[in-house]
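In: Starting from these lines, generate the structure:
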Amino acid sequence: MGTTVARHLVGAAAAWLVVVAEAVAGYLGLLAYALVTGADPGGPLAGPLLVLIAALLGVAALPPLFAPAVALGEAAGRRGAGPARGRAGARVRRPRRGRAAG
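Out: Residues are numbered from 1 along each chain as shown. Okay, the predicted model is just below:
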């Protein structure tokens, strides 16, 4: 169980890093657009504040998203064979046309 929780924590941390990376890429895109068009690029704290706000929102948004996934994964693991494992490799047979069933 400890490795399962650790994997979920690593996944949550990776998702948080993606949120932060998107904020950095968004800011750099806006800065490039401002420099190309000759617009005001903003203050010196615009980029760091954008990244900080995105990081805080990511910290607030990820637990409600990952907690149900962890709970469902743990419940499925305790139950044993889930729907995917129970049907893996199963062949569905269809009745042939023109012949009576029986």
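In: hey, let's count contacts and neighbours off CA atoms from now on
Out: Will do.
In: Next up, identify which helix or strand the residue most central in space within the chain is on.
Out: When Cα atoms, centre = their mean is applied to the chain, the residue found nearest the centroid is A15 (5.8 Å). For A15, the element it lies in under DSSP states H and E is helix 2-37.
In: What strand or helix carries the closest residue to the residue nearest to the centre of the chain other than its chain neighbours?
Out: Beyond its immediate neighbours in the sequence, the residue positioned closest to A15 (Cα to Cα, 6 or more residues apart in numbering) is L62, lying 7.8 Å away. Following DSSP H and E, one finds L62 within helix 46-79.
In: Report all helices and strands that that helix contacts.
Out: Applying 3 or more Cα pairs under 8 Å, 6 or more residues apart in numbering; DSSP states H and E, we find helix 46-79 packed against helix 2-37.
In: Now do the helix it packs on against helix 46-79, angle only.
Out: Between the direction of helix 2-37 and that of helix 46-79, the angle (axes from the mean of the first three to the mean of the last three Cα atoms, to 10 degrees) works out to 150 degrees.
In: Can you list the helices and strands that helix 2-37 packs against?
Out: Contact analysis of helix 2-37 by 3+ Cα pairs under 8 Å, 6+ apart lists helix 46-79 as its packing neighbours.
In: Give me the below-cutoff pLDDT ranges for this structure.
Out: Low-confidence regions of the chain, defined by pLDDT under 70, span residues 1-2, 80-95, 98-102.
In: and R96, helix, strand or coil?
Out: Here R96 takes the coil state, with states given by DSSP: H, G, I helix; E, B strand; the rest coil.
In: That one and A39, how far apart?
Out: 71 Å (Cα to Cα, to the nearest Å).
In: Likewise for A76?
Out: A76 sits 54 Å away from A39, taking Cα to Cα as the criterion.
In: And the two? Which one has more around it.
Out: A76 (13 against 10; other Cα atoms under 10 Å).
In: related to what we said a few turns ago, tell me how far the helix holding A15 is from the chain's mean position?
Out: When distances are taken as Cα atoms, centre = their mean, to the nearest Å, helix 2-37 is centred 11 Å away from the chain's centroid.
In: mind listing what's buried in that helix?
Out: Of the residues in helix 2-37, those scored as buried under the neighbour-count criterion (16 or more other Cα atoms under 10 Å) are H8, A12, A15, W16, V19, V20, A23, V24, Y27, L31.
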